[in-house]
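**Student:** Only the shape, not the letters, is given here:
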């Protein structure tokens, strides 16, 4: 059965401009990152765990977070990494390697996140290695994926 | 739940990569006709129609409104349920609720996904993540990370994933409704393209066009419709919190273990492989089949790859897992979890055909998995007690 | 929470996705006839005695499979209408324009389409209209440019 000859398809491209409100917790995070290149987290009001990214409630205790804020990172530990081998994916993410990272001062299980890895020699990538962020110096928006260009190994 | 509900009709399309020969509504219609024929019911005898799909895949919205000529919902009650990858199980559970509630004697549950409606593939689903936070690597990244962790923790080697993938293929080749029926060799699997280590193309679920429909009936009505009602004994939905990548770290999936623990406890299941005879689980990748089997307590922690090596999960095995070929062979997303329920029901009826398992299946579980790693689980039985 | 305590941001998230919808055998025949022969086809359910336009492969009311094609004329009756006076990117043409539901002769269901060559102040329900086809047709509903008063 030849698709094009026998059956017709109608194109319908969807273009939408969404606008997402961050709320006050992530809002503070975005503002600190954009204006001061600082990474901040809040704390659970009950168990005292550091919540990164900051959020309204601790997922375990389900009580409203306290108003106590702490600075975390910017140095981080590389938990896991992989090469983007799917065609198109490296271009889309502007990176050949992605890593899962845990910032200093955060609990990896609760707070690790994914980001681009900026490495000259991928052969030197090791799980557990120490890394630091490379900040975007111009036109920061507050978004961690835009304002941090990637993480690079700490020299020495 | 005071009342009882049973599955009395099962229908699905022949799942394929592309279905240019039908539009969405016509594809839905194929599954609905098959389910009604299986139940020997006319659309007039259906009281309520529940519907679901993952509409980002088609870019046509509120299809419950537009697809009435596909579903037969004209002037009937019902609504749409959309819970992402778990949609199929959610619709099945909602239908069981509706039939067991006493409000409806017969409930038709319909799900579909026509993934050939966009050349972007999974692209439109990129927003289906934590929308403020994530860098969108999507499903590939998750399942690669989970597979890697599993290897490191349990000593599982890639050949065990390959053995598992070959098992899925053997099953799918016996299931005419399955999408990927490839007659694979070990070499085919090990040579298939690496996407993200250790996730090869053949370890990942495909994009599929297909539909599935189930007819549920109340306790009173079910035995009048069929000699082989499949009772929906129990079901469980567990949500999950996922900002941190807990699945990567702890090698445990809280939502899956919670669902399984609750179902087993409520139903006196103490030895899972003795008390349940078959499982149809939503395994988005081959690595997931191994891991999820442990989280659902089909075996001890770290034992799933040994179970696969011994052929325990084969069609002829002691505890068949995904005798239909599973999700790595067939994945019409919003419908995938309902296919699990449908296939488990067929195994209990003994109507699975060539992919009927050797073991007599009196009781089976079907699961759904989706979006934020949440879990749905249904326990199906040949007799209520 | 007091207003000054909030530090909420609003983030832009553009979303673009290309879709291609299969029209199926019935849709393919309808759009092909429209494109190649300027013919408008309906589908009849003999059981319900209804002619559907646009055509369908299953009768939504009695669930019968439908195969009885009916060629409809290009003339019909305006069932209802409105005049659109605001702009939206999704509109098929610039405002102001008239839009109505037209029931073609021989059909039992109406279809939404544009009204053209018409005085926007002088449209009435029940008026007779006729399809005007585009010169360059692509196989979609806008191969009918609009319906004009007879």
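**Tutor:** Received it, and whenever you're ready, just let me know what you need. On a predicted model such as this, the values are computed, not experimentally measured, just so you know.

**Student:** Low-confidence stretches in chain B?
**Tutor:** Applying pLDDT under 70 to chain B flags residues B:1-2, B:120-138, B:241-252, B:372.

**Student:** so what's the most centrally placed residue in it up against?
**Tutor:** For chain B, the residue nearest the mean C-alpha position is residue B:337 (2.7 Å; CA atoms, centre = their mean). When contacts are counted by CB atoms under 8 Å, 6 or more residues apart in numbering or on different chains, residue B:337 touches B:85-90, B:92, B:111, B:282, B:366-370, B:376. Placement of C-beta: from N, CA and C, glycine included.

**Student:** Mind checking which of those residues are in helices?
**Tutor:** Cross-referencing these against helices under DSSP state H gives B:87, B:88, B:89, B:90, B:92.

**Student:** Is the last one in contact with residue B:343, as I believe?
**Tutor:** It refers to residue B:92. No. Look at residue B:92 against residue B:343 with CB atoms under 8 Å: they stay out of range, at 12.0 Å.

**Student:** Overlap of the contact sets of those two?
**Tutor:** Common neighbours of residue B:92 and residue B:343 (criterion: CB under 8 Å, 6+ apart): residue B:366.

**Student:** Mind checking which of these two has more residues around it?
**Tutor:** Higher neighbour count among residue B:92 and residue B:343: residue B:92, with 33 against 29, using other CB atoms under 10 Å in any protein chain shown.

**Student:** dump the residue contacts of the more buried one.
**Tutor:** Shown in contact with residue B:92 (CB under 8 Å, 6+ apart): B:109, B:214, B:216, B:232, B:337, B:338, B:341, B:366, B:378.

**Student:** repeat that for 6 Å
**Tutor:** Taking CB atoms under 6 Å, 6 or more residues apart in numbering or on different chains, we find residue B:92 in contact with B:109, B:338, B:341.

**Student:** okay, now residue C:120: neighbour count?
**Tutor:** Count around residue C:120 with other CB under 10 Å applied: 13.

**Student:** Would you mind checking the average pLDDT for stretch C:108-120?
**Tutor:** The average of the pLDDT scores along stretch C:108-120 is 95.

**Student:** So which bits of stretch A:127-139 are buried?
**Tutor:** A:129, A:131, A:133, A:136 (16 or more other CB atoms under 10 Å in any protein chain shown).

**Student:** Redo those residues as a markdown table? Include pLDDT.
**Tutor:** A markdown table is the format used below for the buried residues of stretch A:127-139 (pLDDT from 0 to 100):
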| residue | pLDDT |
| --- | --- |
| A:129 | 94 |
| A:131 | 96 |
| A:133 | 95 |
| A:136 | 90 |
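
**Student:** Inside strands: which ones of these?
**Tutor:** Counting by DSSP state E, those place A:131, A:133 in strands.

**Student:** Selecting buried members of the contacts of residue B:337 in PyMOL, what would you type?
**Tutor:** Listed next is the PyMOL selection for buried residues among the contacts of residue B:337, using 16+ other CB under 10 Å:
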select buried, chain B and resi 85+86+87+88+89+90+92+111+282+366+367+368+369+370+376
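
**Student:** Which member of the contacts of residue B:337 is positioned nearest residue C:128?
**Tutor:** residue B:111 (44.7 Å; CB to CB).

**Student:** Provide the count of other residues in contact range of the closest residue to residue A:44 other than its chain neighbours.
**Tutor:** Leaving aside its sequence neighbours, residue A:44 sits nearest to residue A:58 (CB to CB, 6 or more residues apart in numbering or on different chains; 3.5 Å). For residue A:58, the neighbour count with other CB under 10 Å is 23.

**Student:** Then residue B:69?
**Tutor:** Count around residue B:69 with other CB under 10 Å applied: 22.

**Student:** Ignoring the adjacent residues along the chain, who's closest to it?
**Tutor:** residue C:60 (3.6 Å).
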